[in-house]
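Undergrad: quick one: sequence and predicted model below, then my questions.
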Amino acid sequence: MIALIQRVNEASVTVDDATVAAIGHGLLALIGIEKTDTAAQAARLQQKLLNYRVFADADGKMNLNVIDAAGELLLVSQFTLAANTAKGNRPGFDPAMPPDAAEAMFARFCADVQREYPRVQSGVFGAHMQVALVNDGPVTFWLQV
């Protein structure tokens, strides 16, 4: 599983001109699910996402995770993160998990993250989403388990 995380001052997801999720200070996590991903990998990514220290402490060092920083999480599925970009000028999506299985895994992932830390919102799986954000820093990391 892949998460592209961005520390944000705010972020939102709009579908068909309606805002379906919005957060303030926290993390926007774009989640890519590959064919070979397992529940164990999802659990590892969940722990990494919740514990990754990207927020400044009192000394200005990145020593706080999203929970310590009392931040919010916005989870957005993004199958394009699983693209094969090694050849040519057009991505291949063979590595991505098929939509039905990916939707179920993403729903479980969101529920599991929210069970551990309730300040979580998510986009709409498979929808054409407009994602808006104000990146804080900018601070962006690629997490893969």
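TA: Right, received. Where do you want to start?
Undergrad: for the chain, what spans make up the strands?
TA: With strands called from DSSP state E, the chain shows them at 2-15, 18-23, 26-32, 55-56, 62-64, 72-77, 120-122, 130-144.
Undergrad: what's the average pLDDT for the first one?
TA: Yep, that's strand 2-15 we're talking about. Here strand 2-15 scores 98 as its mean pLDDT.
Undergrad: longest helix in the chain, by number of residues?
TA: helix 99-116 (DSSP state H).
Undergrad: now that helix: average pLDDT?
TA: Helix 99-116 comes out at a mean pLDDT of 98.
Undergrad: can you check stretch 125-138 too?
TA: Regarding stretch 125-138, the rounded mean pLDDT is 97.
Undergrad: and for it, what's in contact with it?
TA: For stretch 125-138, contacts defined as Cβ atoms under 8 Å, 6 or more residues apart in numbering pick out 6-15, 20, 25, 28, 30, 76-77, 99, 102-103, 106-107, 123. To be clear about C-beta, it is placed using only N, CA and C from the backbone, and glycine gets the same treatment.
Undergrad: now, of those, which are buried?
TA: By neighbour count, with 16 or more other Cβ atoms under 10 Å, these hold 6-8, 10-14, 20, 25, 28, 30, 76-77, 102, 106, 123 as buried.
Undergrad: chain neighbours aside, what residue packs nearest to Thr19?
TA: Of all residues not flanking Thr19 in the chain, Ser12 sits nearest, at 5.5 Å (Cβ to Cβ, 6 or more residues apart in numbering).
Undergrad: contacting residues around Thr85?
TA: 91-92.
Undergrad: and it, how close does it get to Gly137?
TA: To Gly137, Thr85 is 25 Å away according to Cβ to Cβ, to the nearest Å.
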